[in-house]
Every structure is written in C-alpha cells, then in structure tokens.
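*Asks:* based on what follows, work out the 3D shape:
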Amino acid sequence: MSPKLLIDLNAVAKSFRAADGTARLILDKVDFQLKEGEIVALLGKSGSGKSTLLRIIAGLIPADKGKVAYRDKPIYGPVAGVAMVFQSFALFPWLTVQQNVELGLEAQGVPADEREARADAVLEMIGLAGFGGALPRELSGGMKQRVGIARALVTNPDILLMDEAFSALDVLTGETLRNDMLELWEESRIPTKGILIVSHNIEEAVMMADRIIILSSDPGSIRCEVKIDLPRPRNVESAEVRALIDEVYGLMTMRHAQEIVTGVPLSEHLGYRLPETDVSRIEGVLDLLADAPFNGRADLPQLAEEAEISDEELFPTYEALGLLGLAVIEKGDISLTPLGHRYVEADQAQKQELFGQQLLTHVPLAAHIRRNLEQETNGSLPEEPFLELLAEFLKADEAKRVLEIAIEWGRYGEVYEYNYHTGRLTLPELEES
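*Replies:* Take a look at the predicted model:
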C-alpha cells in the first residue's frame with residue numbers, strides 16, 4: 001500500500017509587487033508532494049523562494065496560481081495539522097518557557113489543566129524538564145530553539161515545517177538538536193507523519209532527508225530531486241554519505257537551465273541579484289584555495305570544512321568568484337583561473353585594479369553606475385535612481401542590499417566612491433580632490 005499524501009502542490013506560482021507596482025514572480029510552476037513517513041529537505045540559493053513555499057504550505061500566505069492541498073483538502077488559511085519552527089526563535093521574552101510552549105494550545109481553546117500537562121510532557125521529551133519557569137533570556141541559543149520546537153510539537157502536528165531551524169546555532173549545538181529530532185522521529189515518539197525542512201546546509205540535508213529538492217532562483221522552481229535510500233542514523237564519514245554530499249554540491253552549483261538554453265548568463269542582466277558576500281571573504285577563500293593542500297583546486301565540501309564557514313556563506317562567495325572570473329566551478333569542484341592565480345600573487349594595489357577591471361567587465365550594474373557618473377558634468381549622482389532601477393526587478397529590501405554590495409565592490413575596485421552621509425556616488429578622482 002502506497003504512503004498517503006500529506007501535501008500536494010501543483011503548478012504553484014507566487015508573485016510580490018515591486019516598487020513600481022509590477023508583479024515580480026517569486027515561485028513558478030512548482031509541483032511537489034510530501035508523503036507520510038517522509039523527511040524532505042528544500043535547498044536553494046537566495047531568491048529561490050524556499051521560505052515563501054513553506055509559508056504557502058503552512059497557509060500563512062496564499063498561492064497566486066495552482067493547487068495547494070493538505071490531505072486532499074485545499075489550503076485557504078492556517079492548517080491545524082501543520083506546525084512551523086522558525087530560524088529566529090520567535091519567543092515572547094516576557095513569557096516563561098511553559099507559557100511560550102502553551103501558546104498554540106491556548107489559541108486552540110485547550111483547557112488550562114490539559115495545556116499544562118501537554119506542555120510538561122513535551123518539555124521533558126525535548127530535554128527541557130525543569131526549565132518551564134525560566135524566561136527566554138535565561139536560556140542558551142540551543143535551548144531557545146528547543147522551546148520553539150516544543151511549541152510546535154505540543155500541538156501534535158501531522159506535518160512539521162522547519163525553516164532553517166538549526167542555522168542560528170553553533171555547529172555542535174545544531175548537530176545535537178538535529179540528532180535529537182531524528183531520534184524522536186525514528187522512535188515514533190512524536191505523532192508527526194511528515195517533516196519538510198528548508199536548509200542552506202548540504203550536510204544537514206543529506207544526514208536528515210529521504211529526498212532533497214533543489215530549487216532554482218528568480219523565479220523559484222524545482223530544478224532537480226535527489227532520493228536518499230540510506231538508513232538513519234547515517235555516518236557522515238561513510239563513502240556513501242560523502243558521495244551524496246558531493247553530488248548535491250555539484251547540483252547546487254550547476255548552471256541555471258535558462259543560461260544553458262539561451263546561452264546568456266543571468267548575470268548579464270542589470271537586475272541580477274549580486275551574491276551576498278564581501279571582498280574580505282572573496283579574498284579569504286581565494287587565498288585558502290591557492291595554498292596547500294588545495295594548490296588551486298578543491299572539492300567544495302573539503303574546502304567548506306577547511307574554511308569552517310557555512311554553506312550559506314560560502315555559496316555566494318563561490319558565485320562571486322565565478323562571476324568575477326577568478327575561479328570556475330564544475331561538478332562540485334572549484335579551480336582558480338589563470339587570472340585567479342595572478343590575483344592571489346598580486347600586491348594590494350594590483351588586486352584592487354584587477355578587481356575593478358573584472359567588476360566593470362562582468363557586473364552590468366557596476367558598469368551602469370560608472371557610465372552614468374562619467375556622463376555627469378560633476379561626476380556625481382544620488383543613489384536613488386539606481387535603487388529605482390533595481391526595484392523594477394527586485395523587492396525594495398533586496399534592491400537596497402544589491403546596491404550596497406555593488407557599492408562595496410566598486411569602492412574596493414576604485415570604480416566609484418560613495419558618501420554615506422549624502423547618499424551620493426562619485427567618480428573616485430573627484431572624491432580625492
């Protein structure tokens with residue numbers, strides 16, 4: 001007998017309004033199913049709509065198009081059988097642990113005696129017995145997230161949604177809490193029938209999930225799926241697990257399908273979402289890659305382990321290195337280009353000059369800013385026109401973030417300067433005078 005269907009999404013699409021009133025597509029043609037007995041992980045870069053998809057499933061926001069169903073019934077609002085754990089602990093600081101855990105039950109109208117008994121039971125199960133009277137400020141980050149998980153589990157959810165629930169924790173605490181959750185699941189100590197996890201951590205996804213769904217970006221759609229048949233608990237050092245981690249890294253760094261079909265890199269568009277990384281991290285990864293034991297070429301999981309930086313932070317850096325022509329990524333490996341080798345060996349002034357040249361060559365937004373500044377008689381412009389341009393493609397906060405990245409990169413490459421007091425961009429030679 002095939003497992004029952006918990007969640008069924010068919011051709012789901014979601015848009016948000018840009019600053020100029022036009023609709024910006026966040027998710028498009030998403031088909032997804034979650035079955036009883038499954039743990040599924042969603043992976044994707046920024047702009048893939050992972051968290052938006054989770055909120056649609058939870059009934060917190062509606063889909064614009066397509067079918068969204070829970071146990072064959074359409075989802076029109078929050079679903080009683082679905083609970084969610086957020087990345088931020090989202091605890092009320094003025095309430096005790098016990099009171100925070102009881103909130104969902106109170107909203108459901110559960111009597112006080114039953115609320116207390118159920119909260120006590122779940123706090124003991126999650127390792128927080130004796131902490132019911134504590135306030136959130138008295139707890140460590142790991143304990144706060146345990147409270148968040150307890151608050152979700154106390155409602156006996158059919159489906160548990162976890163939105164980067166372990167990413168705010170240090171590595172050891174996150175691993176411990178993840179293993180505790182898997183133990184509860186494997187021993188059927190919780191009534192939950194399915195778990196859907198949004199994560200940036202590839203190792204976490206491989207260790208937990210029965211399936212990994214990888215989303216493409218801008219708009220988010222399902223790029224591919226990896227099925228994992230290995231029994232849990234899994235040994236992270238086993239050849240099978242390492243091979244799966246390598247495979248997922250390769251899929252995560254694969255070129256976007258639109259680029260393959262059209263032959264035009266997405267980065268050639270003015271509205272391209274610049275990777276959220278800074279110059280120091282770009283150069284730090286370059287130096288690490290150039291040195292022994294890698295000597296210019298590395299397996300991405302090994303580089304991540306050596307760098308002691310999370311996948312969430314490293315993937316934008318990899319993207320930036322490729323964008324600037326300093327490294328190439330293929331099948332889960334990263335290699336320095338000849339220019340990358342030159343960059344590592346250059347002195348500081350040469351590095352900044354090379355960075356600026358590559359920025360103007362490969363980042364249309366930077367080239368657009370520089371060109372517009374050169375056309376002004378005073379070599380100066382306010383930032384607003386550039387924010388308005390980006391807002392045609394991105395939400396307002398994303399547009400601001402992308403411009404901030406372009407400004408930081410441009411200042412380092414001495415392509416233009418920026419005055420934080422006036423919010424104006426200027427040509428560097430004018431800033432110096």
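*Asks:* SS state for the closest residue in space to residue 385 that isn't next to it in sequence?
*Replies:* With C-beta to C-beta, 6 or more residues apart in numbering as the criterion, residue 385 has its nearest non-adjacent residue at 7.8 Å, and that residue is residue 372. In this view, the C-beta of every residue, glycine as well, is placed from N, C-alpha and C. Classification of residue 372 by DSSP: H, G, I helix; E, B strand; the rest coil places it in helix.
*Asks:* before we move on, what about residue 11?
*Replies:* Under three-state DSSP, residue 11 comes out as strand.
*Asks:* what helix or strand does the residue nearest to it when sequence neighbours are not counted sit in?
*Replies:* Nearest non-adjacent residue to residue 11, counting by C-beta to C-beta, 6+ apart: residue 66, 4.0 Å away. If you go by DSSP states H and E, residue 66 is part of strand 65-70.
*Asks:* list the buried ones in that strand?
*Replies:* Of all the residues in strand 65-70, those buried under the rule 16 or more other C-beta atoms under 10 Å are 66, 68-70.
*Asks:* C-terminal to the helix or strand bottoming out on mean pLDDT in the chain, what's the next element?
*Replies:* Every helix and strand in the chain was compared by mean pLDDT, DSSP states H and E; the lowest is helix 257-262, with a mean of 39. Next in sequence after helix 257-262, counting helices and strands by DSSP H and E, comes helix 279-290.
*Asks:* mind putting the buried residues of strand 65-70 into CSV with pLDDT and distance to residue 376?
*Replies:* Converted to CSV, those look like this (pLDDT from 0 to 100; distance: C-beta to C-beta, whole Å):
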residue, pLDDT, distance to residue 376
66, 92, 47
68, 92, 50
69, 93, 55
70, 92, 56
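*Asks:* from the residues you listed, pick the one nearest residue 38.
*Replies:* residue 70 (14.5 Å; C-beta to C-beta).
*Asks:* below-threshold pLDDT in the protein: ranges please.
*Replies:* Counting by pLDDT under 70, the chain has low-confidence residues at 1-2, 18-21, 89, 168-169, 255-268, 430-433.
*Asks:* so it: which segments form each domain?
*Replies:* 5-252, 275-344 (automatic domain parsing).
*Asks:* nearest to residue 269, of the ones you listed?
*Replies:* Ranked by C-beta to C-beta, the member of the domains of the chain that lies closest to residue 269 is domain 5-252, at 9.3 Å.
*Asks:* so how far is that closest one from its chain's centroid?
*Replies:* 13 Å (C-alpha atoms, centre = their mean, to the nearest Å).
*Asks:* end to end on that domain, go ahead and measure it.
*Replies:* 27 Å (C-alpha to C-alpha, to the nearest Å).
*Asks:* how many residues are close by residue 343?
*Replies:* 25 (other C-beta atoms under 10 Å).
*Asks:* just the one 4 residues further on next, same as before
*Replies:* With neighbours defined by other C-beta under 10 Å, the count for residue 347 comes to 8.
*Asks:* roughly how far does it sit from residue 282?
*Replies:* 17 Å (C-beta to C-beta, to the nearest Å).
*Asks:* residues touching residue 81, list them.
*Replies:* 70-71, 157-159 (C-beta atoms under 8 Å, 6 or more residues apart in numbering).
*Asks:* can you rerun that using 10 Å?
*Replies:* Going by C-beta atoms under 10 Å, 6 or more residues apart in numbering, residue 81 touches 6, 70-71, 155-159, 191-193.
*Asks:* do residue 135 as well
*Replies:* 91-97, 99-100.
*Asks:* farthest pair within the residues you listed?
*Replies:* 94 and 97 (12.2 Å).
*Asks:* of the two, which one has the most company?
*Replies:* residue 97 (26 against 10).
*Asks:* you'd agree that one is up against residue 137?
*Replies:* No: in this structure, residue 97 is not within contact of residue 137 by C-beta atoms under 10 Å, at 11.1 Å.
*Asks:* what residues are shared contacts of these two?
*Replies:* 91, 144.
*Asks:* from residue 335, how far off is residue 319?
*Replies:* Relative to residue 335, and taking C-beta to C-beta, residue 319 is found at 15 Å.
*Asks:* which one's more surrounded, the two?
*Replies:* Shown here are residue 319 and residue 335; by other C-beta under 10 Å, residue 319 has more neighbours (20 against 14).
*Asks:* restrict stretch 201-208 to CA atoms and write it as CSV.
*Replies:* In CSV, the C-alpha atoms belonging to stretch 201-208 read as follows (Å, rounded to 0.1, in the frame of the first residue of the first chain):
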residue,chain,number,x,y,z
ASN,A,201,23.4,23.2,5.0
ILE,A,202,24.0,20.4,2.5
GLU,A,203,25.5,18.0,5.0
GLU,A,204,22.4,18.6,7.3
ALA,A,205,20.1,17.8,4.4
VAL,A,206,21.9,14.6,3.4
MET,A,207,22.0,13.4,7.1
MET,A,208,18.3,14.0,7.7
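*Asks:* helix, strand or coil for residue 213?
*Replies:* Under three-state DSSP, residue 213 comes out as strand.
*Asks:* assess the claim that residue 193 and residue 36 are in contact.
*Replies:* Yes: between residue 193 and residue 36 there is a contact under C-beta under 10 Å: 4.6 Å.
*Asks:* give me the common contacts of those two.
*Replies:* By C-beta under 10 Å, 6+ apart, the residues touching both residue 193 and residue 36 are 3-4, 6, 71, 158-159.
*Asks:* adjacent strands (with direction) for the host helix or strand of residue 162?
*Replies:* Element membership for residue 162 (DSSP H and E) is strand 159-163. When pairs are called by DSSP bridges, strand 159-163 turns out to pair with strand 82-85 (parallel), strand 194-198 (parallel).
*Asks:* before we move on, the earlier item: any chance of the domains of the chain in JSON lines, plus distance to residue 421?
*Replies:* Below are the domains of the chain laid out as JSON lines (distance: least, C-beta to C-beta, whole Å):
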{"stretch": "domain 5-252", "distance to residue 421": "24"}
{"stretch": "domain 275-344", "distance to residue 421": "21"}
